[in-house]
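model this:
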Amino acid sequence: MKIIAVFLFATFFSIKLHSQQPTKWKNHTDMKQVNYIQALENGVWAATDGGGFFYNTSIDSHQKLTKTDGLFSTSLTATCVDGYGKVWFGSSSGALNVFDPTNNSVRTILDIYNSDRVNKQINELRVSSDTIFISTEFGLSLINSKSLVFYDTYYKFGNLSSNIRVSSAAKYNLIYAATDFGIAVQKSDATNLSAPESWNVYNTSNGLPSDIIRKVRSYRDTIIAATDKGLSMFNGTSWQNFLPGFTNVNIFDIHVSNDSLLISHGNTVSLYYQGSLTILFTSPFEIRKISSSSAGLFATSSRGVIKIEDGINYKFIIPNGPGANQFPNMTTDREGNLWSASGKNGAGKGLYKYDGVQWSIYDVARYPTLYQNDYYSVFSGSDNTIYAGNWGFGFAKIKNDVITRFHSGNTPMVGIADDLNFVVITGFAEDSKNNLWILNLNAADRKSLYLLTPDSAWYSFGNPLEQHLTFSEVKNLVIDQYDTKWYAMSNQGSLGLFYYNEKGTYSEATDDVFGYITKTNGLNDNTVNCIVPDRRGDLWIGTSLGVNIITNTSTVLSSTPQARISSVFVLRQQTINCIAVDPLNQKWIGTNQGLLLVNSDGTRLIATYDSKNSPLLSDVIRSIAIDENKGAVYVGTDAGLTSFETPSVKPLESFSELFVFPNPLLVGDKNELLTIDGLIKDSEIKILSISGKLISEFSSPGGRVAYWDGKDLDGKPVNSGIYIIVAYDKEGNNVATAKVAVLQNK
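Sure, this is the predicted structure:
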């Protein structure tokens, strides 16, 4: 080898591989669904389905909090700010998070989360001196806001059943707890509040308009109760109607601001002040919670926090993020942008695009040409065109933000039998001639495959095996290196894996090849959830009972097809939802129990990630997409998206310049890794002393990046000094070098 002669290498040593765990984890969530708010003098905190955020009204900025910022979970249901300035968040899981804005640290309290209660959701957090009142689905807990130690939990109030839902609680000399069965009030002489007899319970028999109590607050020294049938005030022994204009009105929230009482009902906020009641604001959306301060009046909604300017003017406050927390299908384009579909059957929110910094939403409100928001599948073409399949209205083509829609009215595509215009597109793929293939679910004419050529010619194909089916749900279209189309099919049940090859003759069916593969042929299960060709041309099939690999897809084109099917042992019995292949041909596997990484042939499980050992937002993985040029992996779950970076980066075509960092490299106790970036495929790497002595050698994992641990061939940390990094291809024809300073860190 030429490079050996140049550097006078006489011997070859064993190869050592150095790898690195995923880095730069980041959660991406939609925070439009706001469940609770707390206004401060300079802004407002919000607890949302996608985490927490603070909006600073002074500088018009957002601060987001998710799992990657320290939260235990992002499904937040309540928030408050204690007397020490710490922000408390309650969640649907019962986990409590305490955020300290002075140092951006988060403390997690898991007493409720770890309890044996069935429903642990926290409904409200209320500050009273050094005590936080925690209203939950099973009772009322009290915790010290300074020591974070629980005082007690009250499960039973008077003659009410144990473990009932408490919506809200407050202390005005006595403790008042709002439940779905009336109001529980602490007896004045009670000392042991865990005893049921320490509580009086008031309901409709005591004058309340309803037993369903939303909140209890003190307004001008009078206790006011908000119910689903109006407002009531307490005279010390019984309850009577307050503000008759709200009789039988469902009151969501009340908020006291100086001498004013703010009332949210339906989509309206009303103001009661000095005996006068006025409608302050009416929203297009339902308002569940309200809060005010000198920074303004704020309300919750399904579109973000509403900042109410006056009776007419308002604005939505929402951090930049995806259009929803659902990611059924994703792809990356040639520029590294991530695109995601959103949903079907009315749950769709259009498409979302992430450029690495900002999210952009493509929905009907912003792009009327899209016509309808139920976009369920998305695909990036070789020319960077985006194709998005709609659940009922064909598909959209997006090129440089110009949108063209294809549907039953302007294409040959036929919809379902009950509605020929209802065209459901579940997948796309490109063949070797850059033709676009389109998968049409349950087409009335039994033609599930459509072809759109680069010059806009249309052809339709029906797999003869589908013709006798009354219903054919087709999905997961891919095309292998032989231009065979593979897709999954079911017919009121699972049928297996189908394939079709028209042999390049679009109008001639006599030479077509078609068939299907089931459990009888070796599949683990007939329910096929995903199909992915890898970098060797093998076909990876994700089923409800693990993964199969078809290694000789060309044989299906012969007169006697004999597909060779194997099963991946390390993934047995797993429900496989999605598979993605990285530049090193490793497979990222999405399951209902988390994210798995296996080596190129599936013989070794490399890593397992779930919501407990990583920032993943949920264990249920719906989709995975990979940006090969950045090594970024995007993982879509049923609770939002998580991204991270890996060393698996697409190799360069040829060497230009090596980038090595950190420089200097600290070796010893700190155990830093040196990143070597700028490699070509299957690079060999040698580490030399300044005198030309061989210090270490290893092969790159196959991509653009490799790592050196600062150790020599004997596994010992090297001495301080200057070292030369030499990278070259296997033939020694292409060479690149760099220098790094090494410092002992003892």
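
who's in contact with Thr453?
Residues in contact with Thr453 (C-beta atoms under 8 Å, 6 or more residues apart in numbering) are Lys433, Asn435, Leu436, Tyr459. C-beta here means a position set from N, CA and C on the backbone, and glycine is covered the same way.

Keep only those of those residues that are in strands.
The strands, defined by DSSP state E, take in Leu436, Tyr459 from the contacts of Thr453.

What is the nearest of the contacts of Thr453 to Val414?
Proximity to Val414 was ranked across the contacts of Thr453 by C-beta to C-beta; first place goes to Tyr459, at 13.6 Å.

Pretty sure the closest one sits against Thr505.
No. Contact status for Tyr459 versus Thr505: not in contact, 10.1 Å apart, counting by C-beta atoms under 8 Å.

Buried ones among the contacts of Thr453?
Buried members of these, scored by 16 or more other C-beta atoms under 10 Å, are Asn435, Leu436, Tyr459.

Torsion angles phi and psi at the closest residue to Ser360 other than its chain neighbours?
The shortest distance from Ser360 to any non-neighbouring residue, by C-beta to C-beta, 6 or more residues apart in numbering, is to Lys353 (4.6 Å). For Lys353, the backbone dihedrals (degrees, to the nearest 10) come out as phi -130, psi 130.

quick one: Lys353 from Ile724, how far?
Noted for Lys353: a distance of 43 Å to Ile724, by C-beta to C-beta, to the nearest Å.

same for the longest strand along the chain, what does it pack against?
The longest strand of the chain (DSSP E) is strand 735-745. Using 3 or more C-beta pairs under 8 Å, 6 or more residues apart in numbering; DSSP states H and E, the elements in contact with strand 735-745 are strand 659-661, strand 665-668, strand 721-728.

Summarise which helices and strands the helix or strand encompassing Lys26 is packed against.
For Lys26, the element it lies in under DSSP states H and E is strand 23-28. Contacts defined by 3+ C-beta pairs under 8 Å, 6+ apart place strand 23-28 against strand 640-645.

chain center to the strand it packs on: distance?
Centre-to-centre, strand 640-645 and its host chain are 7 Å apart (C-alpha atoms, centre = their mean, to the nearest Å).

who's in contact with that strand?
22-30, 50, 66-68, 74, 322, 325, 327, 340, 614-618, 630-635.

need the contact list for Ala638.
One correction, residue 638 is Asp, not Ala. If you count contacts by C-beta under 8 Å, 6+ apart, Asp638 has them with Asn325, Gln326, Ser618, Val620, Arg622.

How much space separates Gln744 from Gly668?
For Gln744, the distance to Gly668 - C-beta to C-beta - is 5 Å.

actually His62, not the one I typed
On the measure of C-beta to C-beta, His62 and Gly668 end up 41 Å apart.

ok, Lys353 and Ile724, which is more surrounded?
Lys353 (20 against 17; other C-beta atoms under 10 Å).

For the more buried one, give its distance to Val402.
Distance from Lys353 to Val402, counting by C-beta to C-beta: 14 Å.

Same check on Leu96?
According to C-beta to C-beta, Leu96 and Val402 sit 49 Å apart.

which one of the two has more residues nearby?
Neighbour count, other C-beta under 10 Å: between Leu96 and Val402, Leu96 has more, with 25 against 8.
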